[in-house]
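> sharing a model that was predicted from the sequence below.
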Amino acid sequence: MKQFILFISMLAGVILFPGCKKYLEHDHPTSISDAEWWNTSADATNALNSVYAGIPDGSSGRQLMFLSALSDEAVARQSTRGDYESYVKGLHNPTWNVGAGIWEDDFKDIRRACRFLENVDRCFMDDSLKIRYKYEARALRAYYHMELLMFFGDIPIVRTSVTPAESYLERNKEADVYDFIVSELTDCAHHLPAVYNNADLKRISAGTCWSLISRLALFYKEYETARDAAKKVIDLGVYELYKTAANPRNSYADLFLYTGELNKERIFFRENTSGGQQWNTFAPLGVGGKTVLSPTAAVVNNYETKQGKTIWELGADSAAIYQKDPNYKNNRDPRLIASVLLPGQTFSSYVLKPFDAAQTNLDRLGAQNATATGYWVKKYLDPKDRTGTRTLDYMIIRYAEILLNYVEALVELKQWDHPDVVKYLNEVRERASMPPVDVTRYNTQEKLRELVRRERQSELAFEGGRFYDIRRWGILGMVMNGQVYGAVDPATNEPVKVEVRSCNEARDFRWPIPQREMLANPAMEQNDHY
């Protein structure tokens, strides 16, 4: 890890928050010393802000929404945004740039947190604020460990700012890293506020800590821990599903626009995201955007009809109609058109025609910067971002996910008949204007498991969770091998073939340890099959 630590030192001068330059350069041999830097409350605040700077965004930085392209929900093009395509084709290796970037970024953030914890006591400031700041830094450090754990498996647990002389760290066992994260987040949850004032809403809270535990425990099938952590979030009474007062039917769609940006549903979020980067990630070329991430037929076909039926339950003829015209007679789950732009739809006064082969049609299927599937991601795509001057907050965890985590944990614990299962499923569905759960059909563990899994994709599409879901459900190899399909071409009545994927489940459950790390640290071991 010596080369990696030196690399971190070289990057330490990057300014990620106003006033952070001195802090990030402090341990360079020719820069300001710790004694000179750590003096005031403002110094501590700027230093902690540099730890927060590592929180990922949806469509820039660590771009969490791109995890959809490593699942069956989407495909990604443009290698300048990361080589996601090689991963799904089974061509990735330890030099894969996406994994290497996240490894370096997270360990850089962990080191910042450790530096903060080691030095903040030098600052003259209010003791209660200093104590709170320490718990925030510990919680963030645990979060960055959690990201690495869920991608790479065994990783080193880093509790101190490692120097180059101490940098040959071995990987700790997965179970030990899990225990470390849960222990840290639990302690922080007991000491952090449940709510902050408006100026500090972005800060990590007790609810954030319990939510992270719920997500992590669910991934590791520790269902009791996942259930209890999710229930603690619910019982805080701080969060609620966002509903638009003027027109409740638009609530789900508005949640991802500036209309619903300030809401009580967001638990952990990235404030002031990347200046309209969403427009250059999801938007059609014909409205001045670029389409890097395109939905697949698999995610579109997942949505129920407004009667609560899957298109497959309607029979082959009806399923064919809905595949050709996904929102046929406006009779699909409203979350579909809130999340996906469809062929023939008008967006920002522009009609989407992916199957019009005319050269003047910028958004014809397969053209450069156009859709790869005939569909477009609509979540977080607000026309106000067209100028590239607006910044829409990105929700890393929101309350709907916690309700679904709680419900799934109950189902997997064979408590599928617990009244909270239907209660919270109905809350999520009702906000989306979907009918309540039909308890005459969904009245066994198996049937409710089926419904919960479908509901997770409908509610959380393109938010990154599907990447983890297909792994913990044991369906990675099933859904990530073979032909990927897009929209139905009206000229052939067949779905377009987008790409052929190849997945080795035993290998691809984890990402490869970056080659740079393997070469620099003789104590580091590579994941299996890489």
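Nice, thanks for sending it over. Numbering: from 1, shown residues only.
> where along the stretch 51-200 of the chain do the helices fall?
Per DSSP state H, counting those that start in this stretch, the stretch 51-200 of the chain carries helices over the ranges 84-88, 97-119, 127-152, 174-189.
> can you list those in JSON lines and add mean pLDDT and mean neighbour count?
Every residue, glycine included, has its C-beta placed from N, CA and C. Listed next are the helices of the stretch 51-200 of the chain as JSON lines, based on pLDDT from 0 to 100; neighbours: other Cβ atoms under 10 Å:
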{"stretch": "helix 84-88", "mean pLDDT": "97", "mean neighbour count": "21"}
{"stretch": "helix 97-119", "mean pLDDT": "97", "mean neighbour count": "21"}
{"stretch": "helix 127-152", "mean pLDDT": "98", "mean neighbour count": "21"}
{"stretch": "helix 174-189", "mean pLDDT": "98", "mean neighbour count": "19"}
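> can you tell me the distance between the two ends of stretch 458-465?
11 Å (Cα to Cα, to the nearest Å).
> apologies, that question was intended for stretch 359-368.
From its first residue to its last, stretch 359-368 covers 12 Å (Cα to Cα).
> tell me the buried residues in that stretch?
For stretch 359-368, burial by neighbour count (16 or more other Cβ atoms under 10 Å) applies to 361-365, 367.
> same question, stretch 445-462
448-449, 451-453, 455-462.
> same list (those residues) but as a markdown table, adding secondary structure, pLDDT and distance to residue 437.
Listed next are those as a markdown table, based on DSSP: H, G, I helix; E, B strand; the rest coil; pLDDT from 0 to 100; distance: Cβ to Cβ, whole Å:
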| residue | secondary structure | pLDDT | distance to residue 437 |
| --- | --- | --- | --- |
| 448 | helix | 98 | 8 |
| 449 | helix | 98 | 13 |
| 451 | helix | 98 | 7 |
| 452 | helix | 98 | 10 |
| 453 | helix | 98 | 14 |
| 455 | helix | 98 | 9 |
| 456 | helix | 98 | 14 |
| 457 | helix | 98 | 16 |
| 458 | helix | 98 | 13 |
| 459 | helix | 98 | 14 |
| 460 | helix | 98 | 18 |
| 461 | coil | 98 | 20 |
| 462 | coil | 98 | 24 |
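> CSV for these, including distance to residue 163?
Shown next, in CSV, are the buried residues of stretch 445-462 (distance: Cβ to Cβ, whole Å):
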residue, distance to residue 163
448, 52
449, 49
451, 52
452, 47
453, 46
455, 48
456, 43
457, 45
458, 49
459, 45
460, 41
461, 44
462, 41
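> how about the contacts made by residue 153?
Residues in contact with residue 153 (Cβ atoms under 8 Å, 6 or more residues apart in numbering) are 174, 510, 527.
> do that again at 6 Å, thanks
Counting by Cβ atoms under 6 Å, 6 or more residues apart in numbering, residue 153 touches 174, 510.
> same question, residue 90
Contacts of residue 90 (Cβ under 6 Å, 6+ apart): residue 502.
> confidence score at it?
Residue 90 carries a pLDDT value of 97.
> tell me which helix or strand of this structure sits lowest on mean pLDDT?
Counting by mean pLDDT, DSSP states H and E, the chain has its least confident helix or strand at helix 21-25, which shows a mean of 31.
> next SSE after it?
helix 34-37 (DSSP states H and E).
> what packs against that next one?
On a contact count with 3 or more Cβ pairs under 6 Å, 6 or more residues apart in numbering; DSSP states H and E, helix 34-37 meets no helix or strand.
> okay, buried residues for it please.
With burial defined by 16+ other Cβ under 10 Å, the residues of helix 34-37 counted as buried are residue 37.
> now do stretch 241-261
By neighbour count with 16+ other Cβ under 10 Å, stretch 241-261 contains the buried residues 241-244, 250-257, 259-261.
> what's the span of that stretch, first residue to last?
Stretch 241-261 has an end-to-end distance of 13 Å (Cα to Cα).
> got the contact list for it?
By Cβ under 6 Å, 6+ apart, stretch 241-261 touches 263, 265, 335, 338, 379-380, 382, 384, 393, 431-433.
> now swap in stretch 170-190 and tell me
Residues contacting stretch 170-190 (Cβ under 6 Å, 6+ apart): 135, 138-139, 142, 145-146, 149, 153-157, 206, 209-210, 212-213, 523.
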